[in-house]
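Participant: Okay, sequence plus prediction incoming.
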Amino acid sequence: MVLDDEPDIVRLMTGVLRDYGYRVQAARTSDELFALLNRQRPCLLLLDIWLQGSRLQGFDVLAKLRERMPQLPVIIISGHGNIETAVAAIQAGACNFIEKPFRVEHLLAAIRAGLKDAEVADALYDGRLKVVRAEFERRYFSKLMLRFSGNISRIAKFADMERTALHRKLKQLDVPITRPKSAASKPKPPAKASAKPSPTKPAP
C-alpha cells in the first residue's frame, strides 16, 4: 500500500510494483489510507512524510499505525529527507527510509527486506502465542484432573469434549492421566492392641 500526495510518484511506484507482481493500492491523504485499512490489512506500507492537503502528516500516521498495527512494516519515503530525518523515521518505528528521487532497485530491495522481516516477526509472534496457549490449557486441564479426581468421563462432560479427543489433548499437553487412588483402596491401619487385661481363671 502507498500513501503519497504526488500523483506522478504514486503512478510510478504502483506501475513498477505491479510489473514485479505486487498488488498495490494507493491513497493521497491519511483519511483515505485509514479508510483502506478498515477494509483490509496490507503486507507493507510506503509512507511519504510530507502530505499536502492531508489531515495527518507522515510521522503522525506512523505513530497511529504503531498502535493499531505494530507488526506492519512501514518504509518512509521523502524528497526532503536528510540523515536526521532518516534516524527519526527508524526511531519512530519505520523499517527503512528512502529518499526521493529513488532508484527502482533500491525500492525493491527495501520492500523485499521489509516483507522478510515481517514474516520473521509474525512467525515469532505466532510461536509465542502457541506457547502461552499451550501453558494455559495445560494448567486448565491439570486443575480439572484434580477437581474430578481424574475421572475422564466427568472431565469430558464438563469440558464438552469427546473422551478420545480429551485423551489426545491430555497426551499432547503432557498432563498425567493416571487416576488417583480412592480412599477405599488405602491400606487399613493395624488394629490397636486391647488395653483390657485378659481374665484369669480361678485357682482350683
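Facilitator: Cool, the structure landed.
Participant: how about residue 52, what does it touch?
Facilitator: Taking Cβ atoms under 8 Å, 6 or more residues apart in numbering, we find residue 52 in contact with residue 5. In this view, the C-beta of every residue, glycine as well, is placed from N, C-alpha and C.
Participant: doesn't residue 174 make contact with residue 137?
Facilitator: No - with contacts counted by Cβ atoms under 8 Å, residue 137 stays clear of residue 174, the gap being 10.8 Å.
Participant: Just want to know which of these two has more residues nearby.
Facilitator: Between residue 137 and residue 174, counted using other Cβ atoms under 10 Å, the more crowded position is residue 137 (15 against 9).
Participant: Where does that one sit: helix, strand or coil?
Facilitator: Judged by DSSP: H, G, I helix; E, B strand; the rest coil, the three-state class of residue 137 is helix.
Participant: gap between it and residue 143?
Facilitator: Residue 137 is 11 Å from residue 143, where distance means Cβ to Cβ, to the nearest Å.
Participant: now swap in residue 24 and tell me
Facilitator: Taking Cβ to Cβ as the measure, residue 24 and residue 143 are separated by 51 Å.
Participant: Please say which of those two ends up with more neighbours.
Facilitator: Neighbour count, other Cβ under 10 Å: between residue 24 and residue 143, residue 24 has more, with 15 against 11.
Participant: Helix or strand for the more buried one, just tell me which one.
Facilitator: If you go by DSSP states H and E, residue 24 is not part of any helix or strand.
Participant: what about the spatially closest residue to it that is not a sequence neighbour, how many neighbours?
Facilitator: Counting by Cβ to Cβ, 6 or more residues apart in numbering, residue 14 is the residue found nearest to residue 24 once chain neighbours are left out, at 4.5 Å. Neighbours of residue 14 under the rule other Cβ under 10 Å: 18.
Participant: Noted, bye for now.
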